[in-house]
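Trainee: Everything below, folded, please.
(one chain, ligands or ions: 1)
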Amino acid sequence: MMRVGILTGGGDCQGLNATIRAVGKSLMLNYNGQIIGIEEGFAGLLERKVRELTYTDCSGILALGGTILGSSNTANPFNYKGKDCSAQVVAYYHELGLDSLVIMGGDGTMSIGYELSKLGMNIIGVPKTIDNDLMCTERTFGFETAVSVATEALDRLRTTGHSHKRVMILETMGRYAGWIALHAGIAGGADVILLPEFPYDIDEIVSACRLRASEQQYSIIVVAEGAKPQHGSMVVQQTIADSPDPIRLGGIAENLKSQLEQHLKVEVRATSLGHIQRGGSPTANDRIFATNIGTYAADLIARKHYGQIVVQQQNRLTSVPLQQVANQTKAVTLEDTTLQSALALGINFGCSEL
Ligand code: F6P
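Mentor: Numbers count the residues shown, from 1 in each chain. Model (predicted):
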């Protein structure tokens, strides 16, 4: 009998429940595992909110969005309400009789997991984020679903933009990396894509829209929420600096809208997809990927190969040490195949260097 804890940390994402199901069922069926669900991420370990997950709890949740365990992106055992509570968490882990703990999350969750593993906890990481920006893995579940939602939104914006001869702006998530904007932009036929990795110049965007207007009288712009103007370029920069919470940039689509209306003298409309791209059911591919990741994590536990995170490399699942992923971002680079395709198609990135 092995006792395994599971928690989901950080923002939720499609495919978390599919993964909980896969880890849980696989451990119960193949390794006589007992599963302890920790509620609300690390908060559950700090505030003793846990419950046993039965086989029935792990059934019927494959297609369910969100996480049945709840999540929290603020509970950090090393700085909880101003105190280092890591020793308390380690003691509770032992009190619960856990052999290991599966943590599903992004770079922040993995960095906490790495620190806890140094304190003797047996941690297995599962990468999760719609942003697809975790190091060492080609893919994270939730990303494909988020891109599909954003693509559908672009298809809808195109027909109304065309009818009214407008510039349509869609803001996607992506604080530090522009993977969702890039992929949805390609799938949705965007004319301009703005990414955090390549600060933009408003004049470049204006020229791209003018060029487009000489052929088609509407344009589609996709902007990642973390996209930034080049130095001294404009008002948006001030908005970011003035933001009370630097993480919550938001509003970039609205800022671009007013700037473009001034420059282009055409009607511009801005839509921010927000959490719509993070909620709801995972796509079939995300369900399959989440299931594969979950069963792989169960195998790592059975082999006692702790301190690792499951990743996809060269299309195969493998694992790497947690510290390789902790507190890092996988950014879009110039070498990326999809970025190169976009450039070959003349898509504008608002940046003359590209
Ligand atoms: O999961 C990452 C992410 O989707 C970012 O792209 C976004 O900025 C953030 O979550 C927003 O999360 P929340 O509103 O839950 O803090």
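Trainee: Mind checking the pLDDT average for stretch 177-191?
Mentor: Here stretch 177-191 scores 98 as its mean pLDDT.
Trainee: Could you number the chain from 36 rather than 1 from now on?
Mentor: Noted, 36 is the first residue going forward, which turns the last one into stretch 212-226.
Trainee: Report the buried residues of it.
Mentor: 212-223, 225-226 (16 or more other Cβ atoms under 10 Å). From N, CA and C alone the C-beta is placed, and that goes for glycine too.
Trainee: most remote residue from the chain's center?
Mentor: Distance from the C-alpha centroid of the chain peaks at Ser249, with 36.8 Å (Cα atoms, centre = their mean).
Trainee: mind checking how far it is from Leu189?
Mentor: Distance of Ser249 to Leu189, given as Cβ to Cβ, to the nearest Å: 22 Å.
Trainee: Val202 too?
Mentor: Using Cβ to Cβ, Val202 is found at 13 Å from Leu189.
Trainee: Next secondary structure element downstream of the helix or strand Leu335 falls within?
Mentor: Secondary structure from DSSP states H and E places Leu335 in helix 319-337. As assigned by DSSP H and E, the chain's next helix or strand after helix 319-337 is strand 343-348.
Trainee: Run through the neighbouring helices and strands of that following strand.
Mentor: Applying 3 or more Cβ pairs under 8 Å, 6 or more residues apart in numbering; DSSP states H and E, we find strand 343-348 packed against strand 158-162, helix 319-337, strand 351-356.
Trainee: helices or strands up against the shortest one?
Mentor: Applying 3+ Cβ pairs under 8 Å, 6+ apart, one finds that strand 158-162 makes contact with strand 135-140, helix 142-153, helix 319-337, strand 343-348.
Trainee: switch the cut-off to 6 Å
Mentor: Under the contact criterion of 3 or more Cβ pairs under 6 Å, 6 or more residues apart in numbering; DSSP states H and E, strand 158-162 touches strand 135-140, helix 142-153, helix 319-337.
Trainee: Looking at the ones you listed, which is nearest to Thr194?
Mentor: Across the helices and strands packed on strand 158-162, the minimum distance to Thr194, taken as Cβ to Cβ, is reached by helix 319-337, at 26.1 Å.
Trainee: Give me the contacts around that closest one.
Mentor: The contact list for helix 319-337 (Cβ atoms under 6 Å, 6 or more residues apart in numbering) reads 39, 49-50, 53-54, 57-58, 61-62, 66, 97, 135, 137, 159, 161, 176, 179-180, 343, 345, 352, 354.
Trainee: What of stretch 378-389?
Mentor: By Cβ under 6 Å, 6+ apart, the surrounding residues in contact with stretch 378-389 are 227-229, 233, 235, 239-240, 243.
Trainee: Swap in 10 Å and give it another go.
Mentor: Applying Cβ atoms under 10 Å, 6 or more residues apart in numbering, the external contacts of stretch 378-389 come out as 213, 217, 220-221, 224-230, 232-244, 246-247, 254, 256-258, 262, 264-265, 268, 291, 367, 369, 374, 376-377.
Trainee: how long is it from one end to the other?
Mentor: 8 Å (Cα to Cα, to the nearest Å).
Trainee: Phi, psi for Gln69 please.
Mentor: Dihedral pair for Gln69: phi -110, psi 130, per degrees, to the nearest 10.
Trainee: Not counting sequence-adjacent ones, nearest residue to it?
Mentor: Spatial nearest neighbour of Gln69, excluding adjacent residues (Cβ to Cβ, 6 or more residues apart in numbering): Arg38 at 4.8 Å.
Trainee: what's the host helix or strand of Ile41 packed up against?
Mentor: Here Ile41 sits within strand 37-43, counting by DSSP H and E. Secondary-structure packing of strand 37-43 (3 or more Cβ pairs under 10 Å, 6 or more residues apart in numbering; DSSP states H and E): helix 51-66, strand 68-73, helix 77-81, strand 85-88, strand 135-140, helix 142-153, strand 158-162, helix 319-337.
Trainee: Could you count how many residues lie near the residue of the stretch 186-335 of the chain found nearest the ligand?
Mentor: Closest contact between the stretch 186-335 of the chain and the ligand, by Cβ to the nearest ligand atom, is at Met208 (3.3 Å). By the criterion of other Cβ atoms under 10 Å, Met208 has 24 neighbours.
Trainee: rewinding a little: quick one, which of Val202 and Leu189 is more surrounded?
Mentor: Neighbours were counted for Val202 and for Leu189 using other Cβ under 10 Å; Val202 has more, 26 against 22.
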